[in-house]
Structures are given as C-alpha cells and as structure tokens.
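K.L.:
3D model of this:
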Amino acid sequence: GHPYRKHRGLTAMALQISNREARWLWLQSQGLSDTPTGPLNLSETIRHLGYVQLDTIQNVTRAHHHILWSRNQNYREPMLDQLLGKDRAVFEHFTHDASVLPIEFYPMWQRQFRRLGDRAAGYASFQKAIKDIGAQEIKDRIAAEGPLSTHAFDTKVKGAKQMWDRPPHKRVMDQLWYAGELATSHRHNFTKYYDLSERVIPPHHREVTHDDIGQIDWLCRNALDRLAFASLGEIQRFWGAVDAKETRAWAQRADDLVAIKLEGRDGRWLQAMAPADIEARLANLVAPTSRLRIINPFDPIVRDRNRLLTLFGFAYRNEMFVPAAQRIWGYYVYPILERDRFVGRIEIKADRSAGRLRVTQFWPEPGARWSVGKQDKLAAELSRLARLIDVSDILWECDRP
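P.N.:
Numbering: from 1, shown residues only. As a prediction, this is how the structure comes out:
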C-alpha cells in the first residue's frame, strides 16, 4: 500500500495529471520552461535546482557550467568559482555525486557528513592510508599553510596499483572532506583546494543544528518540492542523503502530501505523490519556451533515466564510460529539447585553441520532423553555446538535419 493514500481525507479518486501537464510541471520546476534570458541571480538559480552536479569532463564546457547556462544564458564560466571561493554562497559536497549546494542548506547536511564520513572511514583502503599519513598531520599542514590541494602532498600507492587506487593522502583528505572536517575552499582550473571547514563555512551556518528527523523531513520535502511529483524512490534519490526506510517513515509522518495519478508517455497511469500546492502549480502552468535547447548529459532534467523515459518516451544513456565499440551513440552526446519534447541528439566538441565548435554526429529522434525552422533554431543554439566558450566558428563534420 502507499503510505500517502490516507492523507487529506483522500479517497480512491487521486488527482489525475496528464502526460503533457507532467512534462510542463517538470520542466517548470527545473527552470527549463522559461526563455533563459534576463537578469541572472546565480544563487537563486542553484537554490531553485537544489544542487548542481560537478563534472570534470570539459567537452564543450564542464557540466556544471552548461547546466547553469541552460537556465540563464548570461551565465559565464568564472561565475561559479566566484560564488564558491569568494562569496561563500555555495558549498561543495556529495549528493548522488559531487555537487555544489546553497550555503544555507549546510545545517541540513550534517547527517550526510556523518553518513559519508563513516562510510569512507570504514573502507580497508582508508584504514591502510591512515597508517601512512595521519588525519591530524594533514589538518596541521592546512592550518599552518592555508588551503592545499592533493598536489601539496606526495605519499605514494604501495604495492600493485589497482585502477581506482589513490595515494594515501588523497584517501585521507577525501574522508575528512566527506566527514565535513575539511571543506572545498576554492578551485583553480578545477583543481580542488581543501581548507579547515571552520575557515570556509560562515559560523552562523556551521553552528545551527537540527535533529536527524528534522533533517530527513527537510530533505524529503525539499526534494518533492523540486520534483513537483514523485515516487518514494525518486524522493530518496534526489539528494542521495536519506535511505528507503527513512523516506517511507517521512511519508507516513507528513500529513499534507497529495496522492496523484500520473500519465506516462505510453498512456499508462502511475501512482505518485505531490506537494500540498500541486493544484496551484497546475493552475499556473504555462507552455514551455519554443526555444530549442542543447541539454547537458548531466542536467537534472535527464539524470533520472526512468523518469525521462516515463515522461518523455526518450531512452537515453551516458556512454562516456562505455567502451567505444559498445556505444550506440557516442562519447558525449547531448539531448536536444524543443518545447516539451526531445527531438534529437547531437555530438559536439569544442576545439578552443582553434576557436571552433565541431559537430561530429547528429541523430533526429524518430517521429520528429526537422523543418527549416527547427534547423534554424538548432543553428542559433549552437551559436549561443559557441559564445559561452568564446569561439565563433561552427564546423559541421556530419550531415546536417
């Protein structure tokens, strides 16, 4: 049974949300419904999303820059570093992956420091590493010298090296970072610099505490708020900071969840839940912008592949970690969104030194008609993406749509 069926005197008549309404709601809650122009408030954009995933691969621009630029095209690459390293408006930690989060969420992240710090400390590889270099030794050096990257230490992996092996100092620094004892002070060319948390996180965020139930309730409620509608599993996976049992217990405690029936792209109806203001959200829905968008593979709109398939009928996977011979599409393939449909995929790569953006492969989605108007919209989006990274030439190395 669904723990949220009993709330608000609900009968079997759950609120029904059509597939089109669901797509519009999801795009709106993820900041992709509006034309991405106008004044930029970067802190507000990140707060609206909840977090922004960080990724090292700079194919055109790194994922975090692309995700923020997709919400407002006045965004430029140095702005996030400024927000983290100078303004202290965000902090870095681990959701389902390395991410930046609004600094005011820090008090609600204490359980995640504990969970991930304890987990990292439990690994045999960490136990071995801590014998080679003590946590106190690392903290003392940082206290004396200021923020340091892993390059400032030179312990080596002993014995046969495994694929994911990291030097002892890197393992210990990671554990201290997971546990919240060290924080990311800033990044330089994407290299992370660690400092003592008390020197990075403003005291009024560090000193506020909430009990564990309070943190769980906040995390689940804020996940559902950003998802607009969700299953318990989707709520749990949003931050990756609560487990299945904790999510279920939260849903039983919460007395204002709305049971809904959601129409999938294939016409099937699924049970889910929505926040208390769902009817107001539905009443205020507006059609998504007609602008065509090239979406990053790590964008939250496409991250949950099951949700993506259910709502849009778009089957997508990231193939950068798939051996080349087994790829269906390519190394770094971007979904193409127009209004509320995914209409194709494109493989593009920046050659910054040559001042160009290379289009290497393009696939229209079955059933999507690539009219001249749509082709023009794709050309416009490629030009905008080129401007973001300060190149001007767009080179098609494959057939155009």
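K.L.:
Could you find the closest non-adjacent residue to V200?
P.N.:
Closest residue in space to V200, ignoring its immediate chain neighbours: A183 at 4.0 Å, by C-beta to C-beta, 6 or more residues apart in numbering. All C-beta atoms are positioned from the backbone trio N, CA, C, and that covers glycine.
K.L.:
residues in contact with A120?
P.N.:
Counting by C-beta atoms under 8 Å, 6 or more residues apart in numbering, A120 touches 126, 174-175, 178-179.
K.L.:
let me redo that: H151
P.N.:
T191.
K.L.:
Extract the CA atoms of the helix or strand hosting the residue nearest to V200 and return them as PDB.
P.N.:
Element membership for A183, per DSSP states H and E: strand 182-188. The C-alpha trace of strand 182-188 is given here as PDB (Å, rounded to 0.1, in the frame of the first residue of the first chain):
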ATOM      1  CA  LEU A 182      37.600  19.800   5.600                       C
ATOM      2  CA  ALA A 183      35.700  21.800   3.000                       C
ATOM      3  CA  THR A 184      36.400  22.900  -0.500                       C
ATOM      4  CA  SER A 185      37.900  26.400  -0.200                       C
ATOM      5  CA  HIS A 186      38.100  27.200  -3.900                       C
ATOM      6  CA  ARG A 187      39.000  25.600  -7.200                       C
ATOM      7  CA  HIS A 188      41.800  26.700  -9.600                       C
END
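K.L.:
Tell me the strands beside it, with direction?
P.N.:
strand 191-196 (antiparallel) (DSSP bridges).
K.L.:
what's the following helix or strand after the strand it pairs with?
P.N.:
helix 197-200.
K.L.:
Can you name every helix or strand that the worst-scoring helix or strand of the chain on mean pLDDT contacts?
P.N.:
Lowest mean confidence among the helices and strands of the chain (mean pLDDT, DSSP states H and E): helix 124-132, at a mean of 88. Counting contacts by 3 or more C-beta pairs under 8 Å, 6 or more residues apart in numbering; DSSP states H and E, helix 124-132 is packed against helix 168-178.
K.L.:
Could you report the neighbour count for R400?
P.N.:
10 (other C-beta atoms under 10 Å).
K.L.:
so it, which of the three states?
P.N.:
Following DSSP: H, G, I helix; E, B strand; the rest coil, we place R400 in the coil state.
K.L.:
OK, contacts around it?
P.N.:
Taking C-beta under 8 Å, 6+ apart as the test, what R400 contacts is 362, 375.
K.L.:
Which pLDDT value goes with it?
P.N.:
On the pLDDT scale, R400 is placed at 90.
K.L.:
Pick out the residue nearest the middle of this protein.
P.N.:
Q53 (3.6 Å; C-alpha atoms, centre = their mean).
K.L.:
What does that residue show for phi and psi?
P.N.:
phi -70, psi 140 (degrees, to the nearest 10).
K.L.:
so it touches D97, yeah?
P.N.:
Yes: contact criterion C-beta atoms under 8 Å: Q53 and D97 qualify, at 5.3 Å.
K.L.:
related to what we said a few turns ago, gap between the residue nearest to V200 and L148?
P.N.:
Distance from A183 to L148, counting by C-beta to C-beta, to the nearest Å: 13 Å.
K.L.:
For these two, list the residues in contact with both.
P.N.:
The contact sets of A183 and L148 overlap at 194-195 (C-beta under 8 Å, 6+ apart).
K.L.:
Neighbour count for the two, which is higher?
P.N.:
A183 (23 against 19).
K.L.:
I figured the more buried one hits R206, correct?
P.N.:
No: A183 sits out of contact with R206 when judged by C-beta under 8 Å, with a separation of 9.7 Å.
K.L.:
list residues touching both of those two?
P.N.:
By C-beta under 8 Å, 6+ apart, the residues touching both A183 and R206 are S197.
K.L.:
Which strand or helix spans R114?
P.N.:
Here R114 is assigned to helix 110-122, by DSSP H and E.
K.L.:
Alpha carbons of that helix, in CSV - could you do that?
P.N.:
Only the C-alpha atoms of helix 110-122 are listed here, as CSV (Å, rounded to 0.1, in the frame of the first residue of the first chain):
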residue,chain,number,x,y,z
GLN,A,110,25.1,17.3,8.9
ARG,A,111,23.7,13.7,8.5
GLN,A,112,25.3,13.4,5.1
PHE,A,113,28.7,14.4,6.6
ARG,A,114,28.2,11.7,9.2
ARG,A,115,26.9,9.0,6.8
LEU,A,116,29.6,9.5,4.1
GLY,A,117,32.4,10.2,6.6
ASP,A,118,31.6,7.0,8.5
ARG,A,119,31.3,5.0,5.3
ALA,A,120,34.7,6.3,3.9
ALA,A,121,36.4,5.6,7.3
GLY,A,122,35.1,2.0,7.2
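K.L.:
Now that helix: buried residues?
P.N.:
Neighbour-count burial for helix 110-122 flags 110-113, 115-117, 120-121 (criterion: 16 or more other C-beta atoms under 10 Å).
K.L.:
Just say helix, strand or coil for the nearest residue in space to P107 that is not next to it in sequence.
P.N.:
Spatially, and ignoring its direct neighbours in sequence, P107 is nearest to V208 (4.2 Å; C-beta to C-beta, 6+ apart). Assigned with three-state DSSP, V208 falls in the coil class.
K.L.:
Tell me how many other residues crowd V208.
P.N.:
12.
K.L.:
and what of D87?
P.N.:
Neighbour number of D87 under other C-beta under 10 Å is 13.
K.L.:
I'd guess it is in a strand, am I close?
P.N.:
No: D87: not assigned to a strand; according to three-state DSSP it is coil.
K.L.:
isn't L382 right up against I394?
P.N.:
Yes: L382 is within contact range of I394, at 5.2 Å (criterion: C-beta under 8 Å).
K.L.:
picking that back up, how far away from the center of its chain is the helix holding R114?
P.N.:
Distance, stretch centre to chain centre, for helix 110-122: 20 Å (C-alpha atoms, centre = their mean, to the nearest Å).
K.L.:
Now do it, average pLDDT.
P.N.:
Helix 110-122 shows a mean pLDDT of 96.
K.L.:
just the angle between it and helix 168-178, please?
P.N.:
160 degrees (axes from the mean of the first three to the mean of the last three C-alpha atoms, to 10 degrees).
K.L.:
tilt between helix 110-122 and helix 124-132?
P.N.:
80 degrees.
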